[in-house]
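Visitor: Give me a 3D structure for the following:
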Amino acid sequence: MIRVADVNHQIDGNPILTNVSCDIPQGEVTALIGPNGAGKSTLLKLMGRIEPLQTGHVAINDLDVGTTPSGQLALEMAYLGQNLSVASRLRVRELIGFGRWPHCKGHPGPVDHAAVHDALVMFDLVPFADRFLDELSGGQAQRAHLAMTFAQTTPWMLLDEPLNNLDMAHSRALMKRLSDLRDAGRSVVIVLHDLNHAAAWADHLIAMKNGRIAASGTAEEVLTPQTLAALYETDVQVLRYAGRPLVLHHI
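Guide: Numbering: from 1, shown residues only. Below you'll find the model as predicted:
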């Protein structure tokens, strides 16, 4: 479980998160949803210790995120943010290999090489394995960074808008892979703007607005016309398809 308790965060005196507390269940896909500026990415960064906690407490599998040694924490969770800028003269295989650093400390063995190969296959990157990152399209580069995160093989994965730059097929394939990982006992926290991906694949949703948690629960509990209208300040239709909510926001 990830436990967030009484977290507040400010930037230049402006409140970004206010009194945020939540429990994120283990062995599930949890989606953070909400409008731009709601605090979703900031909350994910605090969970992943990308940003230091100002007040409050975050623990992952009973490990204090603020005090646990980085090497130990890197074996528990992998974080992928929105800023994917790295040295352009890095090859795809090398980038994915960085995901194995917490395990091999720069001295990869057979298990590490196998994990890199599996990630290349999983994300359809074998033909690009020896290409430099600046030779890839935006979607291919996104998949390479996702492959690096998968190769870290941690119990928890924290993903900030990973569907950016992915086409329809690769977006669906990624969500299916996350679902498969969930079925294998791993846990995922993912920031999503596509509510229908959240409805189709997430077990648990946390809706945020103005730095606070506005609602949480299953897709059926959170993705209602009333909740979404208040969250996004626009009228939203919600139908049902294949037993799940289907959000119509484009008409």
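
Visitor: for this protein, what spans make up the strands?
Guide: 2-11, 14-24, 29-33, 55-60, 63-64, 77-80, 156-160, 187-191, 204-209, 212-217, 237-241, 244-248 (DSSP state E).

Visitor: for the third one, what is the average pLDDT?
Guide: The reference is to strand 29-33. The average of the pLDDT scores along strand 29-33 is 98.

Visitor: circling back to that earlier point, among the strands of the chain, which comes closest to residue 132?
Guide: For the strands of the chain, proximity to residue 132 was assessed by Cβ to Cβ; strand 77-80 is nearest, at 20.1 Å. Every C-beta, even on glycine, is put in place using the N, C-alpha and C of the backbone.

Visitor: Tell me the strands beside the closest one, with direction?
Guide: Strand 77-80 sits in its sheet next to strand 156-160 (parallel), going by DSSP bridges.

Visitor: returning to what we had before: could you identify which of the strands of the chain is most buried?
Guide: When the strands of the chain are scored by mean count of other Cβ atoms under 10 Å, the highest mean neighbour count falls to strand 29-33 (a mean of 27).

Visitor: Using CSV, list the CA coordinates for it.
Guide: Only the C-alpha atoms of strand 29-33 are listed here, as CSV (Å, rounded to 0.1, in the frame of the first residue of the first chain):
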residue,chain,number,x,y,z
VAL,A,29,-4.2,-0.1,-11.1
THR,A,30,-5.0,3.3,-9.6
ALA,A,31,-5.6,6.2,-11.9
LEU,A,32,-5.2,9.8,-10.8
ILE,A,33,-7.7,11.9,-12.8
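
Visitor: What is it packed up against?
Guide: helix 40-47, helix 168-183, strand 187-191, helix 195-201, strand 204-209 (3 or more Cβ pairs under 8 Å, 6 or more residues apart in numbering; DSSP states H and E).

Visitor: Adding mean pLDDT and distance to residue 153 as columns, could you present these in TSV?
Guide: Formatted as TSV, the helices and strands packed on strand 29-33 follow (pLDDT from 0 to 100; distance: least, Cβ to Cβ, whole Å):
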stretch	mean pLDDT	distance to residue 153
helix 40-47	98	19
helix 168-183	93	10
strand 187-191	98	13
helix 195-201	96	21
strand 204-209	98	22
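
Visitor: May I see these organised as JSON lines, with distance to residue 13 added?
Guide: Converted to JSON lines, the helices and strands packed on strand 29-33 look like this (distance: least, Cβ to Cβ, whole Å):
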{"stretch": "helix 40-47", "distance to residue 13": "15"}
{"stretch": "helix 168-183", "distance to residue 13": "37"}
{"stretch": "strand 187-191", "distance to residue 13": "25"}
{"stretch": "helix 195-201", "distance to residue 13": "32"}
{"stretch": "strand 204-209", "distance to residue 13": "21"}
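
Visitor: what's the closest of these to residue 220?
Guide: The closest of those to residue 220 is helix 195-201. By Cβ to Cβ, the value is 8.8 Å.

Visitor: Tell me the helices and strands packed up against the closest one.
Guide: Helix 195-201 is packed against strand 29-33, helix 168-183, strand 244-248, with contacts defined by 3+ Cβ pairs under 8 Å, 6+ apart.
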